[in-house]
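1. Sequence below, structure please.
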Amino acid sequence: MTDSGVNGLLNFWPKIGLAIQLIRPILEGKAKSFEVREEASDKYNTWLQNRLSRSVWTECNSYYQQGEQKKIVATFPGPVGLFWWLTLWPRWNEFIGVGAGAWEKEQRPKKWAQVLAGLLILVSAGVVGLRK
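-> Next up, the predicted model:
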């Protein structure tokens, strides 16, 4: 998925951060690979295409579309902040860790820390928004 202009630049960094989080356990020898679960991919693609079907991209012919059905494949249907939030952390339950048994066990305590950090970010954003 890509975007042109400023959104493309802003969406670049979350993708890199997500990739690093997925690659780190492999480089540390704690996993061989990670595969996206088919049901997670299907769910995301359904959500994505549903949002895109109500966008201006359905009304034009461009490289953003693919195939005879003109499936929109090259843009994100929402604000940069939403994309950032969705790619902040891997949703590990949407991946199959290959050769990652020990790594998966050590991740359980970290899950709560991530949830709390996410809540803190949301609360902080709300407080900053209220000050304006």
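
2. Am I right that Ala31 is in contact with Glu106?
-> No. Counting by C-beta atoms under 8 Å, Ala31 stays clear of Glu106, with 11.0 Å between them. To be clear about C-beta, it is placed using only N, CA and C from the backbone, and glycine gets the same treatment.

3. Would you mind measuring from Leu52 to Gln65?
-> Using C-beta to C-beta, to the nearest Å, Leu52 is found at 10 Å from Gln65.

4. Identify the contacts common to these two.
-> Residues touching both Leu52 and Gln65 (C-beta atoms under 8 Å, 6 or more residues apart in numbering): Ile72.

5. Nearest residue to the residue positioned nearest the centre of the chain in space, please, no chain neighbours.
-> Central residue of the chain (C-alpha atoms, centre = their mean): Thr87, 3.2 Å from the mean position. Leaving aside its sequence neighbours, Thr87 sits nearest to Pro14 (C-beta to C-beta, 6 or more residues apart in numbering; 3.9 Å).

6. now the one you found, what's its secondary structure?
-> Secondary structure, DSSP: H, G, I helix; E, B strand; the rest coil: Pro14 is helix.

7. Counting neighbours, what do you get for it?
-> 16 (other C-beta atoms under 10 Å).

8. what's it in contact with, if anything?
-> 83-84, 87-88.

9. Would you check which pair of the residues you listed lies furthest apart?
-> Phe83 and Leu88 (9.8 Å; C-beta to C-beta).

10. Looking at these two, which has the bigger crowd around it?
-> For Phe83 versus Leu88, the count of surrounding residues by other C-beta under 10 Å is larger for Phe83: 19 against 15.

11. Quick one: end-to-end distance for stretch 60-70.
-> 10 Å (C-alpha to C-alpha, to the nearest Å).
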